[in-house]
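3D, please:
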Amino acid sequence: MGRGGVGFDLAEFDWGTTERERARAKHFALRVTALAASGHRWSELGYHLPRVHDYLHRFTTLVESRTPPAGSSTARGFPGRDEAATASCVRHRVLSALPLWDGCFLCNRPHY
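Okay, the predicted model is just below:
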């Protein structure tokens, strides 16, 4: 487990059952990726992101080219409001999988 989403397949997401739901989910994924590519909150990471623009560009291309058929997903779907992360770090504004982790990865990162 790293500091991000590792080892997933786009087919694992529930993109929606209607054309409108799928378009909204796709648009959301592209907006989030564009925000990441803009460097949003990178200064909080404390490390350099080599090749990140290449990776985000490739991910954007994958999402843009994807047209999932209606009802084809076997995914559970994105979590709803009632399934929010168990905890979040107020200081860093990141979600945490507590109690599975010891806390915010930014608060608990080693300082070398």
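
okay, buried residues for the helix ranked longest in the chain please.
Longest helix in the chain, counting residues (DSSP state H): helix 19-37. Residues 22, 25-26, 29, 33, 36 are the ones in helix 19-37 that count as buried (16 or more other CB atoms under 10 Å). In short, each C-beta sits where N, CA and C put it, glycine included.

pick out the most distant pair among the residues you listed.
Farthest pair in these (CB to CB) is 22 and 36. Separation: 21.5 Å.

which one of the buried residues of helix 19-37 is nearest to residue 104?
Closest approach to residue 104 among the buried residues of helix 19-37 (CB to CB): residue 36, at 19.0 Å.

report the contact partners of the closest residue in space to that closest one that isn't next to it in sequence.
Counting by CB to CB, 6 or more residues apart in numbering, the nearest residue to residue 36 once its immediate chain neighbours are dropped is residue 56, at 5.9 Å. By CB atoms under 8 Å, 6 or more residues apart in numbering, the contact list for residue 56 reads 33, 36-37.

domains of the chain?
Using automatic domain parsing, the domain ranges for the chain come out as 10-70, 85-112.

now the weakest link among the ones you listed, please, by mean pLDDT.
Mean pLDDT per stretch puts domain 85-112 lowest among these, at a mean of 65.

please tell me how far the closest residue to residue 60 other than its chain neighbours sits from residue 20.
Sequence neighbours aside, residue 33 is the residue nearest to residue 60 in space, at 5.2 Å (criterion: CB to CB, 6+ apart). Here residue 33 is placed at a distance of 21 Å from residue 20 (CB to CB, to the nearest Å).

and for residue 55, the neighbour number?
Using other CB atoms under 10 Å, residue 55 has 14 neighbouring residues.

tell me how far it lies from residue 33.
Applying CB to CB, the value for residue 55 to residue 33 is 10 Å.

before we move on, what about residue 21?
Distance of residue 21 to residue 33, given as CB to CB: 19 Å.

over to residue 19?
Applying CB to CB to residue 19 and residue 33 gives a distance of 21 Å.

repeat that for residue 47.
Separation of residue 47 from residue 33 (CB to CB): 20 Å.

also residue 42?
14 Å.

also residue 50?
As judged by CB to CB, residue 50 and residue 33 stand 18 Å apart.
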